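Student: fold the following and give me the result.
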Amino acid sequence: MAKKAAKKSSKRGGNAKFMAPVKISADLAEIVGDKPIPRTEVTKKLWAYIKKNNLQDAKERRNIHADDKLKAVFGGKKTVNMFEMTKLVNKHLS
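Tutor: I've put the predicted structure just below:
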């Protein structure tokens with residue numbers, strides 16, 4: 001009788017670098033808190049803040065209107081699209 005080969009697990013592992021806690025700048029900390037958290041959590045908390053304060057454009061949902069706290073994170077810009085937002089937020093993470 002031939003031995004059966006061991007089945008490889010098809011579970012997908014998390015990317016350790018992606019899930020590693022990052023340091024947050026003082027400007028961004030006003031929105032998401034100052035404790036190191038993974039980038040995924042930063043994104044979740046940022047979107048929760050945007051929705052809570054009704055900062056997403058009603059017609060063009062990709063655009064975010066910055067309040068005073070977000071302007072500091074967005075480099076003074078009044079409105080950014082969600083793709084640009086990701087790039088700007090990354091500058092506040094280390």
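
Student: from residue 35, how far off is residue 74?
Tutor: Remark: distance between residue 74 and residue 35 (C-beta to C-beta, to the nearest Å) = 22 Å. Bear in mind the C-beta positions are built from the backbone N, C-alpha and C, glycine included.

Student: now do residue 42, the pLDDT please.
Tutor: Per-residue pLDDT puts residue 42 at 95.

Student: secondary structure element for it?
Tutor: helix 39-52 (DSSP states H and E).

Student: what's that helix packed up against?
Tutor: helix 16-19, helix 26-32, helix 82-90 (3 or more C-beta pairs under 8 Å, 6 or more residues apart in numbering; DSSP states H and E).

Student: and the helix or strand just after it, average pLDDT?
Tutor: Remark: after helix 39-52, the chain's next helix or strand is strand 63-65, criterion DSSP H and E. On average, the pLDDT along strand 63-65 is 97.

Student: contacts for strand 63-65?
Tutor: For strand 63-65, the external contacting residues (C-beta atoms under 8 Å, 6 or more residues apart in numbering) are 50, 55, 56, 57, 70, 78, 79, 80, 81, 82, 85.

Student: ok, which pair from the residues you listed is furthest apart?
Tutor: 78 and 82 (15.2 Å; C-beta to C-beta).

Student: coming back round to it: have a look at residue 74 and residue 35 and say which one is more surrounded.
Tutor: residue 74 (20 against 10; other C-beta atoms under 10 Å).

Student: check the gap between that one and residue 84 for me.
Tutor: In this view, residue 74 and residue 84 are 8 Å apart by C-beta to C-beta.

Student: overlap in contacts of these two?
Tutor: Joint contacts of residue 74 and residue 84 (C-beta under 8 Å, 6+ apart) do not exist.

Student: picking up where we left off before, in the helix holding residue 42, which residues are buried?
Tutor: The neighbour-count check on helix 39-52 (16 or more other C-beta atoms under 10 Å) flags 39, 41, 42, 45, 46, 49, 50 as buried.

Student: so which of the helices and strands packed on helix 39-52 is the most packed in?
Tutor: Compared across the helices and strands packed on helix 39-52, helix 26-32 shows the largest average neighbour count, a mean of 17 (mean count of other C-beta atoms under 10 Å).
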